[in-house]
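Enquirer: Okay, predicted coordinates and the sequence, questions at the end:
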Amino acid sequence: MTVMPRPSILAVEPYVGGESRIPGVNRIVKLSSNEGAFGPPPGAVEAIRAMATEAHRYPDGGAKALREAIGAAHGLDPARIVCGNGSDELIALLIMAYGGEGTELVMSAYGFQMYELTGLWAGCRVIKVPERELTADVDAMLAAVGPRTKLVFLTNPNNPTGTLLPQGEVERLRAGLRDDILLALDSAYAEYVTAPGYDAGAKVVDASDNTVMLRTFSKIYGLGGMRLGWAYASPTIVAVLGRVRGPFNVNAAAAAAGIAALAEPGWIGKNVAHNSEWRAKLSAALEAVGLPVRPSETNFVLVDFGSAERAGAADAHLRARGLIVRAMGGYGLPRYLRVTIGNAEECEMVIEALTGFARG
């Protein structure tokens, strides 16, 4: 007899991250994973180096110093913060704690793939709700909620579309959900948002006992390799996450890097200014050669090539020049490519390559 996992596990296709290699190409410019344009802050690099000599020590199981640093940086109560091995771990813990067999998870059609994958793994029925103009549709999401719905996930701004749901709509979504439904607001790209009136989720969390804000150090802080995320929630939800997380789920180097990154002078301002400038330049240049670009509040843009075939040809054209972007077929958007905003040189390379492709 062969030992078999739960049937729901066999329904899961493994997540495929952004590529980082092209056979036969020496210089690679990776713009497929929305990593920070400038890498990690210098202070974080030094903190990681310093922790190497302490690698034999177990980390602080409660990540107390990191939670205090996050709280100070964002004006939040550290006691209501939970840190994790990337926000992916926190997503999984929430789904395992509040979902499972016999429950439903509601998300927008083009939301972050890990909600669907982890939901299926946990045994949830995952309901993907059609979007309106590649933006989450609150009315449609509320209409999709049923008696078995226990979790609703919203990425805002969204990955991979880059679109932003206004604050009033986020609040309307929460108000329209039953009290026994957990709303997870995934704000991985919050630091890049320049639209007025945006709140990453703390206001909605503070106004309710059934909402979680998820954040990450992987994007603007350039610490994707450290796997460091955090959640802000009510004391009740924090207590539940404390029961299900591993006792040492945040490693010591990651915690030290996160604390140093938060303290890096001018880091956020430098990155936001660069991102806003080059997102606008890249979008304008591609629009000028007939390649529509979706409006974005993130560190990436979604480029429309009109068909899956043309998007594939553009992807091959970029790869031949060492430029790796993200094909969107896996998200159900085969006519698009997602392009991370890299440094100035990398953005110029994309502009030159796609201009040549469009005019060729």
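Expert: Arrived safely.
Enquirer: Could you chop this structure up by domain?
Expert: The record, using the TED database to delimit domains, assigns the chain the ranges 14-29+265-357, 40-261.
Enquirer: which stretch in those domains is the model least sure about?
Expert: Between the domains of the chain, the lowest average pLDDT goes to domain 14-29+265-357, which shows a mean of 93.
Enquirer: contacting residues for residue 243?
Expert: Contact analysis of residue 243 by CB atoms under 8 Å, 6 or more residues apart in numbering lists residue 97. No exception for glycine: its C-beta is placed from N, CA and C like everyone else's.
Enquirer: longest helix of this protein?
Expert: Ranked by residue count under DSSP state H, the longest helix found in the chain is helix 267-288.
Enquirer: Give me the packing partners of that helix, helices and strands only.
Expert: Helix 267-288 sits against strand 300-304, helix 344-359, with contacts defined as 3 or more CB pairs under 8 Å, 6 or more residues apart in numbering; DSSP states H and E.
Enquirer: So which of these is nearest residue 216?
Expert: When these are ranked by proximity to residue 216, the top entry is strand 300-304, at 14.4 Å, counting by CB to CB.
Enquirer: the inter-axis angle of that closest one versus helix 344-359?
Expert: 0 degrees (axes from the mean of the first three to the mean of the last three CA atoms, to 10 degrees).
Enquirer: The next helix or strand after strand 300-304 vs strand 300-304, what angle?
Expert: Note on strand 300-304: by DSSP states H and E, the next helix or strand toward the C-terminus is helix 308-319. Taking the same axes, to 10 degrees, one finds that helix 308-319 is oriented at 130 degrees with respect to strand 300-304.
Enquirer: Other residues contacting helix 308-319?
Expert: In this structure, residues lying in contact with helix 308-319 by CB under 8 Å, 6+ apart are 22, 25, 303, 305, 324-325, 327-329, 334-337, 350, 353-354, 356-357.
Enquirer: For it, could you pull out the residues that count as buried?
Expert: By neighbour count, with 16 or more other CB atoms under 10 Å as the criterion, the buried positions of helix 308-319 are 310, 311, 312, 314, 315, 317, 318, 319.
Enquirer: Relative to residue 290, how far out is the first one?
Expert: Distance, residue 310 to residue 290, by CB to CB, to the nearest Å: 11 Å.
Enquirer: repeat for residue 34
Expert: Plainly put, residue 34 is 25 Å away from residue 290 if you go by CB to CB.
Enquirer: These two - which one has more neighbours?
Expert: residue 34 (23 against 10; other CB atoms under 10 Å).
Enquirer: need the contact list for the more buried one.
Expert: If a contact means CB under 8 Å, 6+ apart, then residue 34 has 18, 159, 189, 219, 298, 299, 300, 338, 340 as its contacts.
Enquirer: quick one: which two of these are the most distant?
Expert: Across the contacts of residue 34, the longest distance by CB to CB is 15.3 Å; it joins 18 and 189.
Enquirer: In terms of neighbours, single out the busier of the two.
Expert: Of the pair residue 18 and residue 189, residue 189 is the one with more neighbours under other CB under 10 Å, namely 26 against 16.
Enquirer: That one and residue 297 touch, don't they?
Expert: Yes - under the contact definition of CB atoms under 8 Å, residue 189 touches residue 297, with a separation of 7.1 Å.
Enquirer: can you list residues touching both of those two?
Expert: residue 157.
Enquirer: ok, now which ones touch residue 152?
Expert: Taking CB under 8 Å, 6+ apart, one finds 105, 106, 107, 141, 145, 173, 177, 181, 182, 183, 184 in contact with residue 152.
Enquirer: Return the member of those nearest to residue 194.
Expert: When the contacts of residue 152 are compared for distance to residue 194 (CB to CB), residue 173 comes out closest, at 22.4 Å.
Enquirer: Enumerate every residue touching the closest one.
Expert: Residues near residue 173 by CB under 8 Å, 6+ apart: 138, 141, 142, 152, 154, 183.
Enquirer: For the last one, the count of nearby residues, please.
Expert: With neighbours defined by other CB under 10 Å, the count for residue 183 comes to 21.
Enquirer: Relative to residue 234, how far out is the closest residue to residue 210 other than its chain neighbours?
Expert: Counting by CB to CB, 6 or more residues apart in numbering, the nearest residue to residue 210 once its immediate chain neighbours are dropped is residue 182, at 5.6 Å. With distances defined as CB to CB, the gap from residue 182 to residue 234 amounts to 10 Å.
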